[in-house]
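> here is a sequence together with a model predicted from it:
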Amino acid sequence: MAMAKSKTIYGVHPSVTMVQKWLAELKEETGRSLEEWLALVKKEGPKDERSRRDWLKSMHKLGTNKASWIAERAEGKGGDEDSPDVYLKAAVRYVKAQYAGPKKKVRPIFDELLTLGKSLGKDVKACPCKTIVPLYRNHVFAQVKPTTNSRIDLGFALTHYKGKLPKRLIDTGGLAKKDRITHRIEITAVEQIDGEVKKWLKTAYDLDV
């Protein structure tokens with residue numbers, strides 16, 4: 001894990017720990033290891049992923065997460081979160097894919113925001129997903145999303161902020177949906193990463209205690 005960390009600026013997503021725990025406890029909880037479940041699905045289960053998931057839930061009484069994880073892996077998909085090393089390699093691919101093609105021109109904005117976010121403290125982790133890059137302290141306090149070919153949305157978790165918010169901060173509807181990201185700033189050029197952007201990123205970081 002330490003070796004993998006040295007090759008990337010990204011951190012291990014919290015979900016990796018959850019998946020590793022799931023894999024370790026699967027045999028004891030269900031009577032079968034992952035390999036045994038995959039063999040059963042391929043031998044006796046339906047042929048498509050959705051039907052396999054439903055079959056695992058109805059016939060074998062597995063919960064939605066377990067059924068989905070097994071059905072996904074039976075299709076040869078998933079697995080990016082099965083270990084820290086595997087995830088960190090996938091993280092690099094996720095970001096590369098996010099800024100491929102026409103979105104390549106907003107990659108400098110992402111790079112600048114990533115540097116800014118990580119400069120807030122040694123406890124900041126950038127943990128890429130397939131479409132966004134969340135920034136974690138104890139929880140997600142911000143996220144970077146290439147929303148269009150010319151714009152990145154920098155989202156902030158400001159649920160507990162009590163003061164007045166400027167018009168530049170756009171309400172995401174996250175508070176009503178119970179999402180952590182409640183506001184965003186639209187950025188179309190590196191030059192727009194100004195003092196105000198830095199202020200609200202630091203505010204979101206400070207709120208995540």
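Perfect, thanks for sending it. Numbering: from 1, shown residues only.
> just give the closest residue to Lys42, not the sequence neighbours.
In this structure, Lys42 finds its nearest non-sequential neighbour in Ala74, 6.2 Å apart by Cβ to Cβ, 6 or more residues apart in numbering. The C-beta positions use only the backbone N, C-alpha and C, and glycine is treated the same way.
> roughly how far does that neighbour sit from Ser68?
11 Å (Cβ to Cβ, to the nearest Å).
> packing partners for the top helix by length along the chain?
Determined from DSSP state H, the single longest helix within the chain is helix 14-30. Helix 14-30 makes packing contacts with helix 34-44, helix 64-74 when contacts are defined by 3 or more Cβ pairs under 8 Å, 6 or more residues apart in numbering; DSSP states H and E.
> how about the ones you listed in JSON lines, adding mean pLDDT?
Formatted as JSON lines, the helices and strands packed on helix 14-30 follow (pLDDT from 0 to 100):
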{"stretch": "helix 34-44", "mean pLDDT": "95"}
{"stretch": "helix 64-74", "mean pLDDT": "91"}
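> and among those helices, the most buried is which?
helix 64-74 (a mean of 19; mean count of other Cβ atoms under 10 Å).
> may I have it as PDB, with CA atoms only?
Extracted C-alpha coordinates of helix 64-74, given in PDB (Å, rounded to 0.1, in the frame of the first residue of the first chain):
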ATOM      1  CA  THR A  64     -28.800  -5.500  -2.200                       C
ATOM      2  CA  ASN A  65     -25.100  -4.600  -1.800                       C
ATOM      3  CA  LYS A  66     -23.800  -8.200  -1.600                       C
ATOM      4  CA  ALA A  67     -26.000  -9.300  -4.400                       C
ATOM      5  CA  SER A  68     -24.900  -6.400  -6.600                       C
ATOM      6  CA  TRP A  69     -21.200  -6.800  -5.800                       C
ATOM      7  CA  ILE A  70     -21.400 -10.600  -6.600                       C
ATOM      8  CA  ALA A  71     -23.400 -10.100  -9.800                       C
ATOM      9  CA  GLU A  72     -21.100  -7.400 -11.000                       C
ATOM     10  CA  ARG A  73     -18.000  -9.500 -10.400                       C
ATOM     11  CA  ALA A  74     -19.600 -12.400 -12.200                       C
END
